[in-house]
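*Asks:* just need the structure, nothing else, for what follows:
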Amino acid sequence: MSTGIDYGRGKTNIDLKTGIRYGVISSHEVLQAWAEDSEGVYFYSCGHCGHEFGDNPPEFEKEEMEYCPFCGGELEWEDMEPIGFKYDREGYEASQGHDDPAIFILESPFYTLCRFCSPCAPGAGDIMASIPNGIKAYCFGHDWFEERKASYPVYDVKTGKEVKP
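*Replies:* Predicted coordinates for the structure are as follows:
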């Protein structure tokens, strides 16, 4: 079976230290775990004048600044909507855009063998398109799935050995 086309030409969506591709999975596959454990990423701006404060300003700024220094409008930090979500624990680094159903797994203690993604994620691996002798792509371990078993083979990054559920 073909692994598909590397639209990233070996330069994008890849961990250059390990050679393992970033994995892409629909959030629907791991929805319960992702909803419980991912954290919102915010980009703060004034709701009145649009002045941008950036993503995750220091807590002291949010505590001390009640009004926008540019227009005087009241700042309501808690009403801000997330621009995305992230998970950065237990050897994983994963992120999802606010309106994107795909989760990008940028680092993981595990990988699977799969096909390349479409041109939408050049160079990344579609971890739900598992094939023998496919490309290595970071993936979620078995514990991310409701049945405690991934629908793809899971391999340990350090040992290269398959991890059973």
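
*Asks:* so who does the closest residue to Glu107 other than its chain neighbours touch?
*Replies:* Once flanking residues are discounted, Glu107 sits nearest to Glu93: 4.0 Å by C-beta to C-beta, 6 or more residues apart in numbering. The way it works is simple: take the backbone N, C-alpha and C, and place the C-beta from them, glycine included. Residues in contact with Glu93 (C-beta atoms under 8 Å, 6 or more residues apart in numbering) are Lys86, Tyr87, Ile105, Leu106, Glu107, Ser108.

*Asks:* could you redo the last one with a cut-off of 10 Å?
*Replies:* Going by C-beta atoms under 10 Å, 6 or more residues apart in numbering, Glu93 touches Tyr22, Lys86, Tyr87, Phe104, Ile105, Leu106, Glu107, Ser108, Tyr138.

*Asks:* cool, and Glu29?
*Replies:* Each residue near Glu29 by C-beta under 10 Å, 6+ apart is listed here: Pro101, Ile103, Ile127, Met128, Phe140, Trp144, Phe145, Glu146, Ala150, Ser151, Tyr152.

*Asks:* quick one: secondary structure of it?
*Replies:* Secondary structure state of Glu29, per DSSP: H, G, I helix; E, B strand; the rest coil, is helix.

*Asks:* tabulate the contacts of Glu93 in CSV, adding columns for neighbour count, distance to Ser38 and secondary structure.
*Replies:* CSV is the format used below for the contacts of Glu93 (neighbours: other C-beta atoms under 10 Å; distance: C-beta to C-beta, whole Å; DSSP: H, G, I helix; E, B strand; the rest coil):
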residue, neighbour count, distance to Ser38, secondary structure
Tyr22, 25, 16, coil
Lys86, 18, 6, strand
Tyr87, 20, 5, strand
Phe104, 20, 12, strand
Ile105, 26, 12, strand
Leu106, 18, 13, strand
Glu107, 17, 15, strand
Ser108, 24, 14, coil
Tyr138, 28, 16, strand
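
*Asks:* quick one: Ser2 from Gly19, how far?
*Replies:* 20 Å (C-beta to C-beta, to the nearest Å).
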